[in-house]
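>>> Next comes the sequence, and after it the predicted model I'd like to discuss.
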Amino acid sequence: MTAQPTPPVPGAKPGAPSPLSVRDLTVVYREKPVLWDVDLEVPAGQLCAVVGPNGAGKSTLIKAVLGLVPRASGQVWFFGQTLTEARTRIGYVPQRGAVDWDFPTSVLDVVIMGLYGKLGWFKRPGKHEREAALRCLEQVSMREFAHRQISQLSGGQQQRVFLARALAQDADLYFMDEPFAGVDTVTEDAILKVLHELKGHGKTVVVVHHDLETVRAYFDHLTLLNVQVIASGPMDEVFTAENLRQTYGERMMTASLPITHRG
Amino acid sequence: MNADLVIIVTAILVSTAAALVGTFLVLRRMALLSDAISHAVLPGIVLAYWLSGGERATLPALLGAAAAGLVTVTLVEWLTRSGKVKNDAAIGIVFPALFSLGVLAVSLYFRHVHLDMDAVLYGEIAYAPFNTLALWGREIPESWLVMGSLTLLNLLFVLLFYKELKLSTFDAGLAAALGFAPGVLHYALMALVSFTSVGAFQSVGAILIVAFLIIPPATAYLLTQRLPVMIGLAVGVGVVSSLAGYGLAIWLDASIAGMMATVAGICFALAFLFSPLGGYLTTRLRRERERLEVAARLLVAHLAHHERPVSEQEVLAEFGWNPAFLRRTRDKALQEGWLEVLRDGMRPTPSGLAFNKTRFAEDL
């Protein structure tokens, strides 16, 4: 971490490295590859979906990129920087089920947690953080829930609280793990609204998504993943019957899947 | 120095130190791990005792205990992660193994020295006034110095790292993503649990320290949904248990530490039954009230369909209620002013009829 890394972004404009650049990323869990030799280039300012069947390693991709699970190999750059250097520019929305919603805390408190990264060690959140968190709750129409206990929220409301917390992180690159899973239509609309606001502000969002029906309408960029990257690029180029068949189809051995890079 | 005072202050220090770290153990669902740690520190103490040349020194004992505690946690995690053993079984395997190592070492090599197994297991807080040391020219109880330092250490840890502890307990993934090293905090917390366990050895013993680590926070968890309040209540329950436990133990001439843990257990039982946040009995009572209210509405709705008063027999036949339940339902409706009882049956009042027209969503 001493020498400045040079991001190997082919064709990247000088001075504008990709928000996320992944090279040769492999994650192994108990001798089985969960992700195999993943290369990924995420374009700036776009809504990017990562789609694939169950067990394809979609969540693991996010976690490995963020250093939450150990990598067997591979390099990751954010805006041409290492994770440590770029940490405050990265926002993360874990799966709703990843936390204990009986934890004794309020909605506002959870949103303020998004600001902890900017605060750093020891420093306590104060009035400024509370106000910023309230504004984020406003954006997801959850302001009147600010002082509720999180145990009293519905699934959709939990998701919106997580979203508000991500907004509080005020990042340039967001990772969201299945935000649309099992939410009501009000929440789905709220998430979409936030995604478009983020995009409007030039942010990049990488979303693990499970629904092939909506993926085309919601996102600009698509990565099809099944342990390996099947295809990655602009939605119209990648969302093809052939690519989907290769991702989901016919119980193919993952090791024999051909990798087709486009875009 | 007053012996009562020495014992009570020692107990309050033990329960405060334990409640501070115990709160996070409970929230992290690691309550059982404290049981493991409190037993497994024994070989660490024995080793430290041996290394320091048979001196009964506090600092090496603390360090040895912390090392043993961390070995326990690491072994449990390693076994669990291997995927061959579940977490509860891993705990059940590791701590008896380490504890028995300690027991063996004591029985083989330290027979002649003062490492009394009874004291290790049950502690003897009643001896606290006899162990004093001179500090700045004054005699102070050793237990005050040891437990006072540990209470201060735990308090500093929780105060300084409150935000980081909260985040890594609630959402370790985000804590890691934000760069807060949840793993380091985890092991620091475990080291403090080990410190606290060994510090409390002499006063309450290896078994009852678990009561002080877990029961007060578990009680507090039932009483509040705010973390700072939970920590405060946990300390409060610990202090109350210490005071009341001591009083009762003297009165009944019973084991002091045992009585303190018993009082803590009683506190938990009371919170479990009567907590305003869904205590067992509180919930039962509320459900009963709601059931009666719905039944009363049902009764009024039924009466509203009839021009003439309806007899109790007809209502019983209609709903299949027993007479006692009908009586309580009727009384509830009467109390609300929804119906009146005439000679030939029950009839809704105008307010009952008006109420019958309101929608459920408006008043529930």
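Ah, there it is.
>>> What separation is there between the residue in the stretch 51-200 of chain A positioned nearest to chain B and residue B:176?
Nearest residue of the stretch 51-200 of chain A to chain B, counting by CB to the nearest CB: residue A:117, 3.8 Å away. No exception for glycine: its C-beta is placed from N, CA and C like everyone else's. Distance of residue A:117 to residue B:176, given as CB to CB, to the nearest Å: 11 Å.
>>> More neighbours: the two, which one.
residue A:117 (24 against 20; other CB atoms under 10 Å in any protein chain shown).
>>> wait, what's in contact with that one?
A:87, A:88, A:169, B:178, B:179 (CB atoms under 8 Å, 6 or more residues apart in numbering or on different chains).
>>> And those, which two are furthest apart?
A:169 and B:179 (12.1 Å; CB to CB).
>>> So the two - more neighbours on which side?
residue A:169 (25 against 16).
>>> The residue nearest the centre of chain A bridge partners, please.
Note on chain A: the residue nearest the mean C-alpha position is residue A:175, at 1.7 Å, using CA atoms, centre = their mean. On the basis of DSSP bridges, residue A:175 is bridged to residue A:92, residue A:206.
>>> Check the burial of the nearest residue to residue A:66 once chain neighbours are set aside by counting its neighbours.
Spatial nearest neighbour of residue A:66, excluding adjacent residues (CB to CB, 6 or more residues apart in numbering or on different chains): residue B:177 at 5.0 Å. By other CB under 10 Å, the residues close to residue B:177 number 25.
>>> which ones among the contacts of residue A:117 are found in helices?
Judged by DSSP state H, those include residue A:169 as members of helices.
>>> Is it possible to get CSV of the contacts of residue A:117 that adds pLDDT and distance to residue B:110?
What follows is these, written out as CSV (pLDDT from 0 to 100; distance: CB to CB, whole Å):
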residue, pLDDT, distance to residue B:110
A:87, 88, 51
A:88, 87, 54
A:169, 89, 55
B:178, 87, 47
B:179, 86, 46
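>>> With distance to residue A:211 added, can I get the contacts of residue A:117 in a markdown table?
Formatted as a markdown table, those follow (distance: CB to CB, whole Å):
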| residue | distance to residue A:211 |
| --- | --- |
| A:87 | 30 |
| A:88 | 31 |
| A:169 | 25 |
| B:178 | 29 |
| B:179 | 32 |
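>>> returning to what we had before: now do the residue nearest to the centre of chain A against residue A:132, distance only.
21 Å.
>>> what's the answer for residue A:183, then?
24 Å.
>>> Compare these two (neighbour count), which wins?
Between residue A:183 and residue A:132, counting by other CB under 10 Å, residue A:183 is the more crowded of the two (21 against 18).
>>> Point out the residues in chain B that sit beside chain A.
By CB under 8 Å from any CB of the partner chain, the residues of chain B that approach chain A are B:27, B:29, B:83, B:160-164, B:166-167, B:169-171, B:173-174, B:176-180, B:221, B:224-227, B:229-230.
>>> Just the residues you listed: which are in helices?
B:27, B:160, B:162-164, B:166-167, B:169-170, B:173-174, B:176-177, B:221, B:227, B:229-230.
>>> Report the buried members of these.
B:27, B:163-164, B:166-167, B:169-170, B:173-174, B:176-177, B:221, B:227, B:230 (16 or more other CB atoms under 10 Å in any protein chain shown).
>>> Need these in JSON lines (columns: pLDDT).
Below are those laid out as JSON lines (pLDDT from 0 to 100):
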{"residue": "B:27", "pLDDT": "94"}
{"residue": "B:163", "pLDDT": "93"}
{"residue": "B:164", "pLDDT": "94"}
{"residue": "B:166", "pLDDT": "95"}
{"residue": "B:167", "pLDDT": "94"}
{"residue": "B:169", "pLDDT": "94"}
{"residue": "B:170", "pLDDT": "94"}
{"residue": "B:173", "pLDDT": "87"}
{"residue": "B:174", "pLDDT": "89"}
{"residue": "B:176", "pLDDT": "89"}
{"residue": "B:177", "pLDDT": "86"}
{"residue": "B:221", "pLDDT": "94"}
{"residue": "B:227", "pLDDT": "94"}
{"residue": "B:230", "pLDDT": "95"}
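>>> Now distance to residue B:17 too, for those, in CSV please.
Below are those laid out as CSV (distance: CB to CB, whole Å):
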residue, distance to residue B:17
B:27, 17
B:163, 21
B:164, 20
B:166, 19
B:167, 23
B:169, 19
B:170, 23
B:173, 30
B:174, 29
B:176, 28
B:177, 32
B:221, 19
B:227, 18
B:230, 16
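>>> and the two most separated of these?
The farthest-apart pair in these, when distances are taken by CB to CB, is B:177 and B:221, at 26.9 Å.
>>> which stretches of the stretch 101-250 of chain A form helices?
Taking DSSP state H, counting those that start in this stretch, the helices of the stretch 101-250 of chain A run over residues A:107-113, A:116-119, A:127-139, A:155-169, A:185-200, A:212-218, A:235-238, A:241-248.
>>> could I get those helices as CSV with distance to residue B:209?
Formatted as CSV, these follow (distance: least, CB to CB, whole Å):
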stretch, distance to residue B:209
helix A:107-113, 31
helix A:116-119, 32
helix A:127-139, 37
helix A:155-169, 36
helix A:185-200, 45
helix A:212-218, 54
helix A:235-238, 59
helix A:241-248, 54
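>>> What does the spatially closest residue to residue B:83 that is not a sequence neighbour show for phi and psi?
Take residue B:83 and drop its neighbours on the chain: the residue closest to it by CB to CB, 6+ apart is residue A:30, 6.5 Å away. As for residue A:30, its main-chain torsions (degrees, to the nearest 10) stand at phi 50, psi 60.
>>> how much space between residue A:218 and chain B?
Remark: distance between residue A:218 and chain B (CB to the nearest CB, to the nearest Å) = 24 Å.
>>> can I see the domain layout of chain B?
In terms of domains, chain B is parsed into B:3-274, B:280-363 (source: automatic domain parsing).
>>> winner for burial among these?
Highest mean neighbour count of the domains of chain B: domain B:3-274, a mean of 20 (counted as mean count of other CB atoms under 10 Å in any protein chain shown).
>>> Now do the contacts for the residue in the stretch 51-200 of chain B positioned nearest to chain A.
Closest contact between the stretch 51-200 of chain B and chain A, by CB to the nearest CB, is at residue B:178 (3.8 Å). Residues near residue B:178 by CB under 8 Å, 6+ apart: A:87, A:116, A:117, B:167.
>>> how about those in CSV, adding distance to residue B:188?
What follows is the contacts of residue B:178, written out as CSV (distance: CB to CB, whole Å):
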residue, distance to residue B:188
A:87, 21
A:116, 18
A:117, 20
B:167, 14
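>>> in the stretch 51-200 of chain B, what spans have low per-residue confidence?
B:53-58, B:111-124 (pLDDT under 70).
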